[in-house]
Every structure is written in structure tokens, then in C-alpha cells.
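>>> Quick one, what's the 3D model for this:
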Amino acid sequence: MLACRENWKPMATDCACAPRRGCARTKQPGKLRGRTASLIVAALSAPILAVAALSGCASLPTDYEKSESFAIRDSSQTALGKLLTPITEQHTDKSGFFPLASGSDALVARAELIEAAERTLDVQYYIWHADLSGRLLVELLLRAADRGVRVRLLLDDLDTAGKDFALAAIDAHPNVEIRLYNPFANRSSRGFDFVTDLRRVNRRMHNKSLTVDNQATIVGGRNIGNEYFGADSATQFSDLDVLAVGPVVAEVSGAFDTYWNSEWVVPLSAFDADDPVTADELETARAGLQDYLAAQRSSPYATAVRDSERIQHAEISELDYSWGRAMLLYDAPSKAQGTEVAEATHIGPSLVKVFDEAQSELIVVSPYFVPGKKLVDYFGQLVDRGVRVRILTNSLAANDVGVVHAGYMRYRVGLLENGVELYEFKPVRGVDDQGAKKSWTGSSKASLHAKTFSVDRKYLFVGSFNLDPRSVVHNTEMGVLFESPELAAALGDSVDNRLLQRAYRLELTSMSGNGQSSTPALQWVTEENGEQVRYGKEPETSFFQRFGTGFLSIFVIESLL
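The predicted structure follows:
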């Protein structure tokens with residue numbers, strides 16, 4: 001994240017790295033999805049296997065020190081503890097939740113929490129980009145470490161390619177430790193691991209949390225990168241996090257400890273024991289990082305962040321929390337072993353039990369949605385017993401992973417025939433989560449990334465879990481389920497009042513001819529300039545997009561999505 005050792009630019013991910021670190025020149029995509037790599041490998045593995053065999057097999061390090069560590073239990077005397085204890089004591093056994101829908105608010109909230117840390121920072125993410133927002137948060141973590149804060153940074157290893165020295169430089173700080181979940185053995189040629197060890201490396205850590213002094217945490221759908229915080233990037237993700245205080249924070253800390261100390265997590269230093277970053281190199285890298293951030297202070301996005309309205313100038317104890325009972329749901333880190341889906345280790349069965357409780361309404365927001373026939377039938381059963389089921393996912397034009405749309409499109413007709421109301425998110429450009437025009441963004445399209453479920457306008461789930469095989473079977477996930485009539489009602493009202501402006505409603509029409517029985521066909525219905533508009537094909541897409549996705553839908557391996 002900071003820089004490559006030679007020929008580097010601050011926080012660059014595509015610079016030429018020191019050969020002795022084996023760091024390949026790697027172009028990082030805007031968003032990594034393990035499903036994409038695994039599908040490519042499944043199609044091309046045969047010819048690559050021969051090359052891999054000739055290249056030899058790398059193995060994970062085993063000779064390294066890894067000490068257990070745990071979250072602090074009594075932090076009531078920290079600055080955050082003194083601010084939050086009076087309000088949490090007023091809501092016995094309840095947790096407080098503040099929604100972070102705006103990208104700039106979500107970044108400001110993380111920055112302010114990090115700056116408030118006095119004892120510990122526990123940070124867990126799937127993706128951490130080396131862009132403006134990623135570099136800013138790295139600098140804040142290092143400043144916290146300078147103050148004596150213990151920083152534990154747990155990253156999935158899929159997104160670390162090409163960042164060897166950058167991560168090693170951060171890890172060199174005496175108060176920072178970085179560990180990697182389910183790491184690749186081949187550090188410079190990770191494609192070989194997908195070929196020779198696909199069953200293991202296809203399983204990634206999709207969890208996302210940032211916890212400060214065991215007093216406050218942010219959990220939700222956002223990774224770390226410009227596209228998640230409304231900054232200048234090719235795609236803007238419409239996303240959702242919650243800032244949480246109260247008893248659920250200890251649950252998040254406990255989950256972090258479970259991962260941090262598990263056998264599936266390896267210290268970054270284990271891969272670099274013979275070539276540690278020196279103090280001079282760390283100082284030089286930090287100077288470059290600070291120069292970069294100084295040059296960005298007058299950028300349009302930096303100005304927008306400084307003007308963040310919902311968080312700015314508010315003490316964390318003064319936010320308008322929604323209070324209710326809550327629980328954390330998370331997969332066991334042993335999911336990397338490929339264990340059978342079971343309630344003890346996987347959150348999927350627990351979420352089905354939550355859906356079972358629905359009496360009148362279920363709202364599902366899932367950007368990557370591949371339900372499978374069983375879930376299609378299950379939603380139909382909910383509809384049959386009087387539950388209104390509404391699902392929002394990405395349209396083809398908005399989806400940043402086309403192969404997922406190929407898997408999803410197989411089930412649209414079945415869902416509609418079962419009475420499910422199905423909506424697809426529009427690729428709305430240059431509009432924030434409140435609908436205001438943003439003149440400073442350089443994004444070319446919007447994409448849905450929030451993962452949330454609402455039951456009977458009383459309970460909400462916010463986290464990293466998509467309704468697709470990858471979240472159910474392959475990746476580890478987490479999220480908070482909490483009681484909040486206020487926030488659940490706000491989501492329902494937004495769906496009621498604004499969804500046709502932000503999404504297409506799918507409907508079935510009948511096509512018949514020559515006396516033959518009718519064949520169901522799809523239409524996309526929306527509102528544009530106050531008028532209802534209908535489309536007979538996937539809106540805002542080209543023929544080649546539709547043809548390619550339709551062709552993929554015939555052959556795509558659904559279990560890998």
C-alpha cells in the first residue's frame with residue numbers, strides 16, 4: 001500500500017518491485033471478485049497445469065512465530081469509553097446503530113474513529129485499494145500506532161498481490177501487525193495456486209469491520225477504496241454500513257479474535273522473515289505518503305469529505321442512534337477448509353431462520369444475487385403465506401461482475417411467476433445516495449453494493465453477505481442483525497417511494513403466435529422525468545453485452561459464483 005521498494009510512487013500498486021521480494025508487476029482491477037478468477041481457472045486449468053508442474057509447487061511457511069492476542073475487555077476509561085458509557089448504560093442490553101449511507105460520511109466516520117483510538121484498532125477487510133481513501137486511512141492507522149495504539153490489520157490475501165513492500169513497510173511499525181487470511185503460497189505467480197490448490201484458495205475472507213478500543217465498530221458492505229466512498233473512480237458503489245455502539249461491539253471484537261488467532265491466518269512477516277523493512281525505508285515511504293496526501297488536500301473529493309454534513313462536528317455520543325437488541329452473525333474461519341454448510345459454522349442457515357420469521361414483508365437488497373431453484377421456491381412459499389417479498393439487485397448495466405448476472409438471469413422468470421417483486425438497480429451516474437447531483441465525481445456508472453435485509457419493518461441485517469453461492473458456501477461473511485423499527489421503516493419507505501426512480505421493476509408479459517401457448521417475456525418498468533417507461537430488453541446495454549451474458553448463462557458453473 002505504501003510503495004514498492006524500487007522505482008516507487010507513494011502507495012502505487014503497479015510499480016516495479018524489488019526482485020528479491022518476488023513482487024510481480026500487477027494491474028489491480030477496480031474490484032476483485034474471487035468468483036472471476038475461479039471461473040477462468042476452471043475453464044483454462046488443463047493447459048496451465050503442465051506449466052505449473054514444471055514450475056514446481058510452493059508451500060505455505062510453517063516456521064514462524066504467531067502469538068495469540070485478544071481485544072481489551074475494559075476500555076471504559078478511554079476517551080470513547082467516557083463518551084459512550086453514559087448513553088449505553090441508558091439502554092441496558094441494547095446496541096445503538098447509526099446508518100452510513102453516504103460514501104463521504106462513511107469515510108469520515110472511519111477517520112474520526114481511528115483518530116479517537118487510544119488503545120486498540122482491530123481492522124478486517126477483503127479489499128484495501130492503494131488510492132486516495134486507502135492511503136488516507138493507512139496514514140491515520142500509522143499515526144495511531146505512533147501514539148501507542150495497538151493496530152491489528154487482518155486482510156484477505158486475494159487483494160494483496162503487488163503490494164508486498166507496501167504492506168511490509170506498514171507491518172514494520174512496532175505497534176502494527178498485519179496478518180493474511182488463507183494466503184497464497186506462490187507470492188509472485190498466484191495463478192498457479194488457483195490451478196494447483198483451487199479448492200482452498202477459492203475460499204476468501206469477505207468480512208468487513210473496523211473496531212476502536214472495543215467501544216465502537218463499523219460493519220457493513222464497504223471495502224476500502226475510492227469507489228466505496230464516493231470518490232473519483234470509474235464506478236461508484238451505492239453501499240451501506242452501520243456505526244454501532246453497545247454490547248454488539250464486544251461480539252465483533254470476539255469474532256475478530258477468532259479469526260486473528262485461527263490456523264487459517266498467517267502473519268505477513270512469515271513471508272518476509274529474511275528481508276525485513278528497515279527503519280529508514282519506513283521513514284522514506286511515510287514521507288512519500290504524506291507528500292501525496294498533502295497534494296490531494298485541495299481536490300474536489302477532499303473538499304466534499306470536509307463538508308460531510310451528517311458526521312461533521314458531531315460527537316460520537318451525540319449521534320441519533322437507533323437502539324435495539326442485536327446479534328452478530330459470522331462464518332467460522334474454518335470455512336476455508338470447505339466444511340459442509342451448517343448453522344454452527346455458516347451464517348446462511350441462520351439467515352433463513354430470520355426470513356422464516358417474516359409475517360408481512362421481506363425486503364432483500366443483494367447486489368450479487370444468484371438464488372438457485374431452492375431459494376426461488378422458498379420465496380414462493382413465503383408469498384403463498386402472505387409475505388410480500390421484494391428483491392433489489394443490480395441490472396446488467398449496473399453489475400460490475402457480468403458473470404454473476406449470467407447466473408442470476410436464469411431465475412428471473414421463476415421468481416416473478418412465484419409472486420416475488422423483482423427490481424434491478426439503474427447505473428445512475430453522478431448521483432449520491434440522497435439523490436443530489438455531484439459535480440465533482442468522475443464516475444461513469446453507479447453499481448449497487450449494499451447487502452441488507454429487512455423483516456416486517458422491524459429487523460434489519462447489514463453486512464457483507466450476498467444471496468449467492470459464493471457467500472453461502474465459499475467466502476466467509478459477517479453482519480449484524482438488529483431490532484430497529486425506525487431504520488427498517490426508513491428502508492421500506494425508500495423502497496415504496498423512490499425505487500422506481502432508482503431501479504427497474506421487472507414484469508412478465510405474454511408472447512404468443514400461430515395459436516401456440518404463450519411464452520413469458522420480461523419487461524423493465526421505471527420512471528423517467530415523472531413518466532412511466534417500459535423497456536423490452538435489458539436497459540442501457542449493447543447487443544454484445546446481452547448476447548455475451550446470455551451465452552455465459554448457458555455454461556456458467558453456478559457453484560463457483
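>>> For stretch 276-294, give the mean pLDDT please.
Mean per-residue pLDDT for stretch 276-294: 90.
>>> Return the distance of that stretch from the chain's centre.
For stretch 276-294, the separation from the chain centroid amounts to 28 Å (computed by C-alpha atoms, centre = their mean, to the nearest Å).
>>> That one: which residues count as buried?
277, 281-282, 284-286, 288-289, 292-293 (16 or more other C-beta atoms under 10 Å). In short, each C-beta sits where N, CA and C put it, glycine included.
>>> swap in stretch 373-381?
Buried residues in stretch 373-381, defined by neighbour count with 16+ other C-beta under 10 Å: 375-376, 378-380.
>>> Then stretch 199-216?
In stretch 199-216, counting by 16+ other C-beta under 10 Å, buried: 200-216.
>>> Using CSV, write down the CA coordinates of stretch 236-254.
Provided in CSV are the C-alpha atoms of stretch 236-254 (Å, rounded to 0.1, in the frame of the first residue of the first chain):
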residue,chain,number,x,y,z
GLN,A,236,-19.5,4.4,-7.7
PHE,A,237,-20.9,1.8,-5.4
SER,A,238,-24.2,2.5,-3.6
ASP,A,239,-23.4,1.0,-0.2
LEU,A,240,-24.4,0.8,3.4
ASP,A,241,-22.5,0.5,6.8
VAL,A,242,-23.6,1.0,10.3
LEU,A,243,-21.7,2.6,13.1
ALA,A,244,-22.5,0.5,16.2
VAL,A,245,-22.0,1.0,20.0
GLY,A,246,-23.1,-1.1,22.9
PRO,A,247,-22.9,-4.8,23.6
VAL,A,248,-22.6,-5.8,19.9
VAL,A,249,-19.2,-4.2,19.8
ALA,A,250,-17.8,-6.9,22.1
GLU,A,251,-19.3,-9.5,19.8
VAL,A,252,-17.5,-8.0,16.8
SER,A,253,-14.2,-7.9,18.8
GLY,A,254,-14.7,-11.6,19.7
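>>> so which of the buried residues of stretch 276-294 comes closest to D157?
Closest approach to D157 among these (C-beta to C-beta): V277, at 18.7 Å.
>>> Who's the closest spatial neighbour of that closest one, skipping the chain neighbours?
Distances taken as C-beta to C-beta, 6 or more residues apart in numbering put A172 closest to V277, at 4.0 Å, once the chain neighbours are dropped.
>>> That neighbour contacts D275, correct?
No: if you go by C-beta atoms under 8 Å, A172 and D275 don't touch, sitting 11.3 Å apart.
>>> more crowded one of the two?
Neighbours per residue, other C-beta atoms under 10 Å: of A172 and D275, the larger number sits with A172, 19 against 14.
>>> Please tell me how far the more buried one sits from D156.
Going from A172 to D156 by C-beta to C-beta, to the nearest Å gives 21 Å.
>>> can you check K335 too?
As judged by C-beta to C-beta, K335 and D156 stand 12 Å apart.
>>> How about L113?
Going from L113 to D156 by C-beta to C-beta gives 21 Å.
>>> what comes up buried for the helix or strand harbouring G548?
Using DSSP states H and E, the element containing G548 is helix 543-555. Applying a neighbour-count criterion of 16+ other C-beta under 10 Å, one finds 549, 552-553 buried in helix 543-555.
>>> and if you look at stretch 355-363?
Using 16+ other C-beta under 10 Å as the burial criterion, the residues of stretch 355-363 that qualify are 355, 358, 361-363.
>>> Among those residues, which are located in strands?
Judged by DSSP state E, the subset of those located in strands is 361-363.
>>> Going by distance to L83, which of the residues you listed wins?
I363 (33.4 Å).
>>> Bridge partners for the closest one, pull those for me.
On the basis of DSSP bridges, I363 is bridged to R390, S454.
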